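Peer 1: coordinates only, no sequence provided:
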């Protein structure tokens, strides 16, 4: 059973940068896709970005491409989300997700996935 723990959230000023991390334990991540989703207050959870653990291919939601970067450290079983030029619209709880045997396109198309972290709050202050 894969267990995900997010870290690195907090408060950042508008225009600043922040990196959140998700560390997995409990099993191999081979053939997994790891992703980030976010949920703003009163809104649905939405896809942000994901990465294929094996080949490193990535997918981003179009509106965040160029500002957000997802990466992985296979030795540490950790996936990162670097966020730049943050605005108040980026304020949300950021969730890490993992799913096995799917493509990055499939993960990006739905919010139902096998494993979730507890979420980390990112607040952008103006």
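Peer 2: Thanks, I have it. On a predicted model such as this, the values are computed, not experimentally measured, just so you know.
Peer 1: centre of the chain to the lowest-mean-pLDDT helix or strand in the chain, how far?
Peer 2: Sorting the helices and strands of the chain by mean pLDDT, DSSP states H and E puts helix 104-108 at the bottom, at a mean of 90. With C-alpha atoms, centre = their mean, to the nearest Å as the basis, helix 104-108 stands 13 Å off its chain's centre.
Peer 1: which parts of that helix are buried?
Peer 2: 104, 107-108 (16 or more other C-beta atoms under 10 Å). To be clear about C-beta, it is placed using only N, CA and C from the backbone, and glycine gets the same treatment.
Peer 1: quick one: contacts of that helix?
Peer 2: With contacts defined as C-beta atoms under 8 Å, 6 or more residues apart in numbering, helix 104-108 is touched by 33, 35, 47, 50-52, 57-59, 61, 97, 99, 113.
Peer 1: drop anything exposed from these.
Peer 2: For those, a burial check counting by 16+ other C-beta under 10 Å picks out 33, 35, 47, 50-52, 58-59, 61, 97, 99, 113.
Peer 1: and the contacts of helix 104-108 as JSON lines, adding pLDDT and distance to residue 88?
Peer 2: Below are those laid out as JSON lines (pLDDT from 0 to 100; distance: C-beta to C-beta, whole Å):
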{"residue": "33", "pLDDT": "97", "distance to residue 88": "29"}
{"residue": "35", "pLDDT": "97", "distance to residue 88": "23"}
{"residue": "47", "pLDDT": "97", "distance to residue 88": "20"}
{"residue": "50", "pLDDT": "98", "distance to residue 88": "24"}
{"residue": "51", "pLDDT": "98", "distance to residue 88": "27"}
{"residue": "52", "pLDDT": "97", "distance to residue 88": "31"}
{"residue": "57", "pLDDT": "97", "distance to residue 88": "31"}
{"residue": "58", "pLDDT": "98", "distance to residue 88": "26"}
{"residue": "59", "pLDDT": "98", "distance to residue 88": "25"}
{"residue": "61", "pLDDT": "97", "distance to residue 88": "18"}
{"residue": "97", "pLDDT": "97", "distance to residue 88": "24"}
{"residue": "99", "pLDDT": "95", "distance to residue 88": "30"}
{"residue": "113", "pLDDT": "87", "distance to residue 88": "27"}
